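S.K.: structure, please.
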Amino acid sequence: MIFMRSVPPELVHGVASGLYNVTGSVVRDVASGRGIAFLQETGMLQTILNSVMTSGGNPVVAFANLGLGAASVIQNQQIKSRLVEVQSSLAVLQNLQIGTLAVSGLGLGVSVVGVTSRKVIWLFLEQVRLEFVPVLQRLQGRLAAQG
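M.R.: Numbers count the residues shown, from 1 in each chain. Below you'll find the model as predicted:
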């Protein structure tokens, strides 16, 4: 469907996601029903009129220009609709990237905790060893004296 009006570029994502709704020529917030913006003219009518006016009065050329202008407008509308799809896909990719970053951060946190835990355990065992060395030396001394 070809419209002579379009949603303002800064609101396209909101309309595509359902945050906003188009009613007539007004873009409205779905939650509150409040008008956010008005649709903007696409310039299609101006393009068609220019193609007719530049034909030099020849009806065949005017008809050909009109057809080419309409085809150009249709292609532009198709490109705009695909652009909305690409923008929503990019938003999904951005969310995946944020999720991957969060999971990577958790992995790093677990690694740091693991290294810290190993160091704490090693220090504890070293302290235990240092406390038992004198006990072992005394025990060896007593065994040597008895034996």
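
S.K.: any weak-confidence spans in the protein?
M.R.: Counting by pLDDT under 70, the ranges of the chain that qualify are 1-5, 41-66, 69, 106-115, 147.

S.K.: care to break it down by domain?
M.R.: As recorded under automatic domain parsing, the domains making up the chain are 1-41, 43-130.

S.K.: for this structure, just list every one of the strands.
M.R.: 5-6, 20-23, 26-29, 35-38, 40-41 (DSSP state E).

S.K.: possible to save those strands as CSV with mean neighbour count?
M.R.: Glycine gets a C-beta too; all of them are placed from N, C-alpha and C. Converted to CSV, the strands of the chain look like this (neighbours: other C-beta atoms under 10 Å):
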stretch, mean neighbour count
strand 5-6, 14
strand 20-23, 15
strand 26-29, 16
strand 35-38, 14
strand 40-41, 12
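
S.K.: nearest to residue 88 among those strands would be which one?
M.R.: strand 20-23 (14.0 Å; C-beta to C-beta).

S.K.: contact partners of that closest one?
M.R.: Outside strand 20-23, the residues within contact range by C-beta atoms under 8 Å, 6 or more residues apart in numbering are 7, 11, 14-15, 27-30, 36, 39.

S.K.: let's see it at 6 Å
M.R.: Applying C-beta atoms under 6 Å, 6 or more residues apart in numbering, the external contacts of strand 20-23 come out as 11, 14, 27-28, 30, 36.

S.K.: which of these sits closest to residue 144?
M.R.: Of the contacts of strand 20-23, the one sitting nearest to residue 144 (C-beta to C-beta) turns out to be residue 14, at 87.6 Å.

S.K.: run through the residues that contact that closest one.
M.R.: So residue 14 contacts residue 20 (C-beta under 6 Å, 6+ apart).

S.K.: ok so, going back, tabulate the strands of the chain (TSV), appending distance to residue 79.
M.R.: Below are the strands of the chain laid out as TSV (distance: least, C-beta to C-beta, whole Å):
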stretch	distance to residue 79
strand 5-6	12
strand 20-23	19
strand 26-29	21
strand 35-38	22
strand 40-41	17
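
S.K.: no further questions, thank you.
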